[in-house]
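# Structure for the following, please:
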Amino acid sequence: QYLHGRLRGFDRANPSTRSLVVGRDNRPHSEELEKSLIAGIQSTGIDVVRIGVVDTPQLYFAVVHFGGCGGIQVTGGRHSAEYNGFKICAAKAFPIASETGLYSIRDMAVRVPPHRTGVDALLTSLDLTGRYRDFILRSVPSAPALPRPLKIVVDAGGGVGGHWFDETLGHLQGVTTVKLNEPREGAPPFPNMYGGSVTPELRKAVKELHADFGLRFDGDADRCEVIDERGLPVPPDLLAALIARRFIEREPGACVVFDHRFSSAAVEEIQRAGGVLARERVGHVFIKKTMTDRQAVFGADLSGRHFFRDASFCENALLGAACVINLLIESGRKLSELIRPLAKYRTSGEVRVPCDDPEQTMRTIAAAHQEAEIEYLDGVTVRYPDWWFNLRSPEANGEVNLTIEARTKKLVDERLGELQQQIAPQS
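Modelled structure (predicted):
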């Protein structure tokens with residue numbers, strides 16, 4: 001009811017606006033959750049389009065394709081096997097999160113007790129495989145046959161990513177796919193199941209099989225991490241810069257939206273390509289909104305999510321994988337060779353530091369660096385000519401996240417030690 005009430009600029013009498021798309025991942029408890037969810041939706045008089053076991057980006061595709069009032073994916077995302085939940089989007093796949101309506105849904109659920117309404121609605125089951133495959137393959141100009149063969153190792157992490165890679169990019173002639181950690185019915189959970197982190201198993205397989213690159217999907221395949229032909233992780237921000245440059249070459253002056261923690265090398269690459277860069281706070285909701293407002297062609301964050309205007313500004317890991325294929329085919333080079341010129345800075349990554357009062361700590365740290373350039377887009381970012389750092393407060397209490405980038409590892413280590421000492425007395 002909340003999603004239907006959000007409709008603006010739609011004909012509410014149109015039957016399609018009274019439908020909600022529902023999908024799920026492959027966790028053992030997702031099917032039962034889906035059944036209960038569908039029953040609850042139908043009891044409000046809203047029709048349901050059930051699309052089965054899909055990657056979350058396919059749910060967004062379905063919502064846009066059918067023009068319904070929104071969609072719900074039953075999934076625990078990148079969290080471990082015992083977790084589950086709902087990812088919710090409104091019409092046009094606009095994300096519903098704490099900042100954009102999730103608290104309103106919570107309040108409605110608490111206020112209205114479970115009851116029988118006496119109303120029922122339609123349930124339609126659809127298989128979107130063919131239409132989704134066509135959508136993904138349109139992003140590969142050389143489809144259906146690649147001009148040279150590629151070998152790709154795909155680590156499904158126990159989730160749905162391996163299956164949907166096969167159903168889409170696996171149809172490209174010239175692609176040889178080797179799959180790891182495919183889901184097996186009845187198999188017990190394994191370490192890092194559904195997580196998106198690159199595993200030693202994937203690195204070993206890429207090297208031993210002489211693959212061109214490797215992919216590791218998270219549980220619902222809305223993001224993926226990439227490793228090069230040497231089995232080494234490709235920094236998400238540097239890969240995003242290469243992908244963005246390709247879009248800008250095809251659309252000069254195009255806007256791209258990046259996670260504000262991205263390396264200076266990525267920023268410089270966009271500027272050199274003639275693109276317009278918009279930096280945004282951490283969080284897919286913020287990136288999607290800015291992309292929509294700016295009509296940005298591409299966006300990315302440090303968790304391995306790639307957002308595309310052609311996907312209604314949503315994240316899509318399969319489109320991200322297609323971009324890597326395009327980079328290799330069009331350049332004729334190895335992935336490590338494409339990344340190497342951008343790897344000119346060193347970073348600490350995001351380091352969690354215990355802190356009892358994050359807000360006061362950030363104010364104190366900012367005051368201690370008044371001679372630098374300071375911004376407050378997401379926490380506090382302090383920029384010096386040869387290094388910068390960001391300090392922000394995550395959702396978890398009792399800590400702050402610290403990211404440092406500098407020209408040398410020695411300088412990163414020195415500044416990390418200094419900042420940890422400055423933060424500690426405040427905690």
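
# where's residue 277, which helix or strand?
Secondary structure from DSSP states H and E places residue 277 in strand 276-280.

# Any figure for the gap between residue 420 and residue 21?
46 Å (CB to CB, to the nearest Å). No exception for glycine: its C-beta is placed from N, CA and C like everyone else's.

# So if I had to pick from those two, which one is more boxed in?
It is residue 21, of residue 420 and residue 21, that has more neighbours when counted by other CB atoms under 10 Å, with 29 against 13.

# Spatially nearest residue to the more buried one (excluding sequence neighbours)?
residue 71 (3.8 Å; CB to CB, 6 or more residues apart in numbering).

# Can you tell me which residue is spatially central in this protein?
residue 305 (2.7 Å; CA atoms, centre = their mean).

# ok, that residue touching residue 225?
No - with contact defined as CB atoms under 8 Å, residue 305 does not count as touching residue 225 (10.5 Å).

# Now for residue 223: which residues touch it?
Residues in contact with residue 223, defined by CB atoms under 8 Å, 6 or more residues apart in numbering, are 78, 196, 217, 303-306, 315, 317, 320.

# from those, which is closest to residue 241?
residue 306 (11.9 Å; CB to CB).

# which strand is the longest one in the chain?
Counting residues, the longest strand in the chain under DSSP state E turns out to be strand 145-155.

# So, low pLDDT: which residues of the stretch 101-250 of the chain?
Counting by pLDDT under 70, the stretch 101-250 of the chain has low-confidence residues at 101, 105, 114-118, 185-191, 196.

# wait, the stretch 251-400 of the chain
Filtered on pLDDT under 70, the stretch 251-400 of the chain yields the residue ranges 396.

# all strands of it, in order?
Counting by DSSP state E, counting those that start in this stretch, the stretch 251-400 of the chain has strands at residues 255-259, 276-280, 298-300, 306-308, 314-315, 346-354, 373-375, 380-384, 387-392, 399-406.

# just so I know, which of those strands lies nearest residue 56?
Closest approach to residue 56 among the strands of the stretch 251-400 of the chain is made by strand 314-315 (8.1 Å; CB to CB).

# List the contacts of the closest one.
Contacts of strand 314-315 (CB under 8 Å, 6+ apart): 57, 60-61, 93, 222-223, 284, 288, 305-308.

# Then stretch 413-424?
348, 351, 353-355, 361, 364-365, 368, 387, 389, 391, 400, 402, 404, 406.

# Would you mind listing the buried residues in it?
Going by neighbour count (16 or more other CB atoms under 10 Å), the buried part of stretch 413-424 is 415-416, 419, 423.

# is it true that residue 366 touches residue 381?
No - when contacts are counted by CB under 8 Å, residue 366 is not listed as touching residue 381 (9.4 Å).

# More neighbours: these two, which one.
residue 381 (21 against 18).

# residue contacts, residue 51?
21-23, 58-59, 62, 125-128.

# Which ones among those lie within helices?
Using DSSP state H, the members of the contacts of residue 51 that fall in helices are 58-59, 62.

# which one of these is nearest residue 334?
Using CB to CB, the ones in helices among the contacts of residue 51 come closest to residue 334 at residue 58, 30.7 Å.

# and the closest residue to the closest one other than its chain neighbours, how many neighbours?
Leaving out its chain neighbours, the residue that sits closest to residue 58 by CB to CB, 6+ apart is residue 132, at 5.4 Å. Applying other CB under 10 Å, we find 22 residues neighbouring residue 132.

# how near is the residue nearest to the centre of the chain to residue 219?
When residue 305 is compared with residue 219 (using CB to CB), they lie 14 Å apart.

# which stretches of the protein form helices?
For the chain, helices defined by DSSP H occupy the ranges 2-5, 30-42, 56-66, 102-111, 129-137, 161-167, 200-208, 236-250, 264-273, 284-294, 317-331, 335-339, 358-367, 409-423.

# any idea which of these is most buried?
helix 56-66 (a mean of 25; mean count of other CB atoms under 10 Å).

# for that helix, packing partners?
With contacts taken as 3 or more CB pairs under 8 Å, 6 or more residues apart in numbering; DSSP states H and E, helix 56-66 sits against strand 19-24, strand 47-53, strand 70-74, strand 86-90, helix 129-137, strand 314-315, helix 317-331.

# Nearest to residue 184 among the ones you listed would be which one?
That would be, of the helices and strands packed on helix 56-66 and by CB to CB, strand 47-53, which comes in at 14.3 Å.

# Run the chain-centre distance for the closest one.
Offset of strand 47-53 from its chain centre (CA atoms, centre = their mean, to the nearest Å): 22 Å.

# Can you list the strands that that strand pairs with?
The strands beside strand 47-53 in its sheet (DSSP bridges) come out as strand 19-24 (parallel), strand 123-125 (parallel).

# Switch the ones you listed over to TSV, and while doing so, append distance to residue 213 to every line.
Formatted as TSV, the strands paired with strand 47-53 follow (distance: least, CB to CB, whole Å):
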stretch	distance to residue 213
strand 19-24	28
strand 123-125	36
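
# nearest to residue 138, of those?
Each of the strands paired with strand 47-53 has some distance to residue 138 by CB to CB; the shortest is strand 19-24, at 21.1 Å.

# angle of the closest one against strand 86-90?
Relative orientation of strand 19-24 versus strand 86-90 (axes from the mean of the first three to the mean of the last three CA atoms, to 10 degrees): 150 degrees.

# you'd agree residue 312 is up against residue 59?
No - in this structure residue 312 lies outside contact range of residue 59 using CB under 8 Å: 11.7 Å.

# returning to what we had before: for the longest strand of the chain, list every residue counted as buried.
Buried residues in strand 145-155, defined by neighbour count with 16+ other CB under 10 Å: 146, 150-155.

# so what secondary structure elements neighbour it?
Using 3+ CB pairs under 8 Å, 6+ apart as the contact test, the elements touching strand 145-155 are helix 161-167, strand 173-180, helix 200-208, strand 213-217, helix 317-331.
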